[in-house]
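Q: Structure for the following, please:
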Amino acid sequence: MPRKPRFFLPHVPNHVVQRGKNRSPVFFESTDYYFYLDKLREALLKYDVALHSYVLMTNHIHLLMSAKDKTAISLLMQYVGRFYVPYINHKYQFSGSIWEGRFKSNLIESERYLLACMRYIEENPVRANMVNSAKEYLFSSFHSNALGQKNVLITEHEVFMRLSDDKDKRHLFYSQLFNQELDDDALSQIRLGYQSGTPIGSRAFKTEIESAIGRKIGKLQRGRPKYLP
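A: Numbers count the residues shown, from 1 in each chain. Below you'll find the predicted structure:
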């Protein structure tokens, strides 16, 4: 069966998801998370990629990124994997890949879905019943985006920055979004999007992508997606 194509466009946010093989853990203790984040930091600089939001869960990761070069995000994921997989295999006496095939990704229309996708990512530990609130989870971008804590990994997206010209108010306004649940339609769109690799956004956004890549991109499947955190 041929692989589904991935779509990458310069400066368009991309939601990347990568899961452990057979849903097995890929992080076992705090030093593993820190090692991954350190290699991610190196890759962000090396390939000039902007990371807007992230969460490292026990058996999978979510990253929301944009880049100037359409190959940069794939190169970043390859770079991190080249270091992290041998690190885990050596440390825990595993062998082979720890990941479940290729990472999944899809383009996000920033005007409509950027903030929703950021919240979706940072609320993952809450939906998984690991913590009661996003601020309790250490390995995510919530502390930077919502609380204003310095995080060298994070680059604020233009849409996020438009929340306010004042930095403190910007973080406050974003944190207040967490006082209400994400819209069910947005949740479904985000989940179906990365599961299928289909860009999410307006018809005009999808038409723009089709024009840029010279091919049709298909449509999201109808129906209720299976639950994935």
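
Q: Wait, Glu158 touches Ser66, no?
A: No: using C-beta atoms under 8 Å, Glu158 makes no contact with Ser66, being 9.8 Å away. Every residue, glycine included, has its C-beta placed from N, CA and C.

Q: Give me the more crowded residue out of the two.
A: The residue with more neighbours, out of Glu158 and Ser66, is Ser66; 24 against 11, by other C-beta atoms under 10 Å.

Q: What's the separation between that one and Gln189?
A: Between Ser66 and Gln189 the computed distance is 19 Å (C-beta to C-beta, to the nearest Å).

Q: before we move on, what about Ala67?
A: Distance from Ala67 to Gln189, by C-beta to C-beta: 23 Å.

Q: try Phe35
A: Distance, Phe35 to Gln189, using C-beta to C-beta: 33 Å.

Q: do Ser196 as well
A: 11 Å.

Q: what about those two, which has more around it?
A: Gln189 (22 against 17).

Q: wait, the more buried one sits on Ile200?
A: Yes: in this structure, Gln189 is within contact of Ile200 by C-beta under 8 Å, at 4.8 Å.

Q: Residues contacting stretch 100-113, please?
A: For stretch 100-113, the surrounding residues in contact (C-beta atoms under 8 Å, 6 or more residues apart in numbering) are 3, 6-9, 12-23, 64, 73, 77, 114, 117, 157-159, 186, 189-190, 193-202, 205, 209.

Q: Strands - which of those residues land there?
A: Of the contacts of stretch 100-113, the ones assigned to strands by DSSP state E are 14-19, 64.

Q: and the angle from the biggest helix by length in the chain to strand 14-19?
A: Ranked by number of residues, the top helix in the chain under DSSP state H is helix 72-92. Interaxial angle, helix 72-92 versus strand 14-19 (axes from the mean of the first three to the mean of the last three C-alpha atoms, to 10 degrees): 20 degrees.

Q: so where's the chain uncertain?
A: Applying pLDDT under 70 to the chain picks out residues 1-5, 218-229.

Q: quick one, what contacts the residue positioned nearest the centre of the chain?
A: In the chain, the residue lying closest to the centroid (C-alpha atoms, centre = their mean) is Leu63, at 2.3 Å. When contacts are counted by C-beta under 8 Å, 6+ apart, Leu63 touches 15-17, 40, 51, 53-54, 121.

Q: Is it bridged to anything, and to what?
A: With DSSP bridges applied, Leu63 shows beta-bridge pairing to Val16, Tyr54.

Q: That one and His15: what is the separation?
A: Taken as C-beta to C-beta, the span from Leu63 to His15 is 8 Å.

Q: and what of Gly101?
A: Gly101 sits 17 Å away from His15, going by C-beta to C-beta.
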